[in-house]
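Sequence first, then the predicted structure, then my questions.
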Amino acid sequence: MITTMNQQQIYEPKWCYDYWADIERVYPIGSTITCKVTSIKPNYAFFKTKEGLTCFLGKDKISSPWRITNLTQVLSSDIEYECSVSGYNFEKRGLVIALNLNH
(Lines give C-alpha, C1' and ligand atoms only; values in the text may rest on other atoms or scores of the structure.)
Protein backbone atom coordinates (compact mmCIF):
# COMPACT_ATOMS: atom_id res chain seq x y z
CA MET A 1 0.00 0.00 0.00
CA ILE A 2 1.31 3.45 -0.89
CA THR A 3 0.27 6.60 0.93
CA THR A 4 1.19 10.14 -0.11
CA MET A 5 2.24 12.67 2.53
CA ASN A 6 3.66 16.11 1.68
CA GLN A 7 4.11 14.93 -1.92
CA GLN A 8 6.36 12.07 -0.73
CA GLN A 9 5.35 8.48 -1.12
CA ILE A 10 5.38 6.46 2.06
CA TYR A 11 5.40 2.69 1.74
CA GLU A 12 3.43 0.93 4.41
CA PRO A 13 4.44 -2.66 5.10
CA LYS A 14 1.80 -5.28 4.50
CA TRP A 15 0.95 -6.82 7.87
CA CYS A 16 0.97 -10.59 8.16
CA TYR A 17 0.50 -12.90 11.11
CA ASP A 18 3.70 -14.17 12.75
CA TYR A 19 2.95 -17.85 13.27
CA TRP A 20 6.25 -18.38 15.10
CA ALA A 21 5.14 -16.34 18.10
CA ASP A 22 2.88 -19.25 19.10
CA ILE A 23 3.69 -21.99 16.59
CA GLU A 24 3.16 -24.81 19.09
CA ARG A 25 -0.44 -23.67 19.65
CA VAL A 26 -1.23 -22.98 15.96
CA TYR A 27 0.40 -26.20 14.68
CA PRO A 28 0.57 -28.68 17.59
CA ILE A 29 2.64 -31.83 17.17
CA GLY A 30 0.49 -34.53 15.59
CA SER A 31 -1.86 -32.08 13.86
CA THR A 32 -2.70 -32.72 10.22
CA ILE A 33 -1.83 -30.09 7.62
CA THR A 34 -2.05 -29.87 3.85
CA CYS A 35 1.09 -28.70 2.14
CA LYS A 36 2.45 -28.57 -1.40
CA VAL A 37 5.78 -30.00 -2.55
CA THR A 38 8.20 -27.25 -3.60
CA SER A 39 11.48 -29.17 -3.90
CA ILE A 40 12.39 -32.87 -3.93
CA LYS A 41 15.80 -34.46 -3.38
CA PRO A 42 16.51 -38.20 -2.97
CA ASN A 43 16.64 -38.03 0.87
CA TYR A 44 14.43 -35.05 1.73
CA ALA A 45 11.78 -32.69 0.37
CA PHE A 46 10.52 -29.20 1.13
CA PHE A 47 6.85 -28.25 1.21
CA LYS A 48 4.88 -25.04 1.81
CA THR A 49 1.64 -24.58 3.68
CA LYS A 50 -1.05 -22.32 2.22
CA GLU A 51 0.06 -19.74 4.83
CA GLY A 52 3.56 -19.83 3.35
CA LEU A 53 5.35 -21.77 6.09
CA THR A 54 8.21 -23.98 4.96
CA CYS A 55 8.00 -27.67 5.88
CA PHE A 56 10.80 -30.24 5.85
CA LEU A 57 10.24 -33.94 5.20
CA GLY A 58 13.10 -36.37 5.74
CA LYS A 59 13.04 -39.78 4.04
CA ASP A 60 12.90 -41.38 7.50
CA LYS A 61 9.58 -39.60 8.25
CA ILE A 62 7.57 -41.46 5.60
CA SER A 63 5.33 -44.32 6.59
CA SER A 64 4.81 -46.62 3.61
CA PRO A 65 4.23 -50.30 2.83
CA TRP A 66 7.23 -50.04 0.45
CA ARG A 67 10.85 -49.32 1.29
CA ILE A 68 11.53 -45.72 0.26
CA THR A 69 15.03 -45.25 -1.14
CA ASN A 70 14.49 -42.13 -3.23
CA LEU A 71 11.83 -39.48 -2.57
CA THR A 72 11.91 -38.32 -6.20
CA GLN A 73 10.27 -41.65 -7.09
CA VAL A 74 7.33 -41.32 -4.67
CA LEU A 75 6.60 -37.55 -4.52
CA SER A 76 5.61 -35.12 -7.27
CA SER A 77 6.29 -31.38 -7.44
CA ASP A 78 3.36 -29.00 -6.95
CA ILE A 79 1.16 -31.78 -5.51
CA GLU A 80 -0.56 -31.28 -2.15
CA TYR A 81 -0.22 -33.95 0.52
CA GLU A 82 -1.86 -34.45 3.91
CA CYS A 83 1.02 -34.46 6.41
CA SER A 84 1.35 -34.39 10.16
CA VAL A 85 3.49 -32.03 12.20
CA SER A 86 6.27 -33.96 13.92
CA GLY A 87 8.47 -31.10 15.14
CA TYR A 88 9.74 -27.57 14.66
CA ASN A 89 12.96 -26.05 13.36
CA PHE A 90 12.95 -22.79 15.30
CA GLU A 91 16.29 -21.68 13.87
CA LYS A 92 15.07 -21.89 10.27
CA ARG A 93 11.42 -21.19 11.10
CA GLY A 94 10.17 -24.38 9.53
CA LEU A 95 7.86 -27.22 10.40
CA VAL A 96 9.19 -30.78 10.44
CA ILE A 97 6.55 -33.06 8.95
CA ALA A 98 5.77 -36.75 8.50
CA LEU A 99 3.89 -38.34 5.61
CA ASN A 100 1.77 -41.50 5.64
CA LEU A 101 1.61 -43.26 2.26
CA ASN A 102 -0.15 -46.37 3.63
CA HIS A 103 -3.55 -45.40 2.20
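That came through fine.

Pass me the low-pLDDT residue ranges in the chain, would you?
For the chain, the stretches with pLDDT under 70 are 1-17, 103.

residue ranges of the helices in it, please?
Ranges of helices in the chain, per DSSP state H, are 23-26.

Let's check: the centremost residue of it is which one?
Nearest residue to the geometric centre of the chain (Cα atoms, centre = their mean): Cys55, 2.8 Å.

Just give the nearest non-adjacent residue to that one, would you?
Distances taken as Cβ to Cβ, 6 or more residues apart in numbering place Phe47 nearest to Cys55, at 4.0 Å, with adjacent residues excluded. No exception for glycine: its C-beta is placed from N, CA and C like everyone else's.

got it, and Lys61?
Ala98 (4.2 Å).

Could you count how many residues lie near the one you found?
16 (other Cβ atoms under 10 Å).

ok, it - contacts?
Leu57, Lys61, Ile62, Ser63, Cys83, Ser84, Ser86 (Cβ atoms under 8 Å, 6 or more residues apart in numbering).
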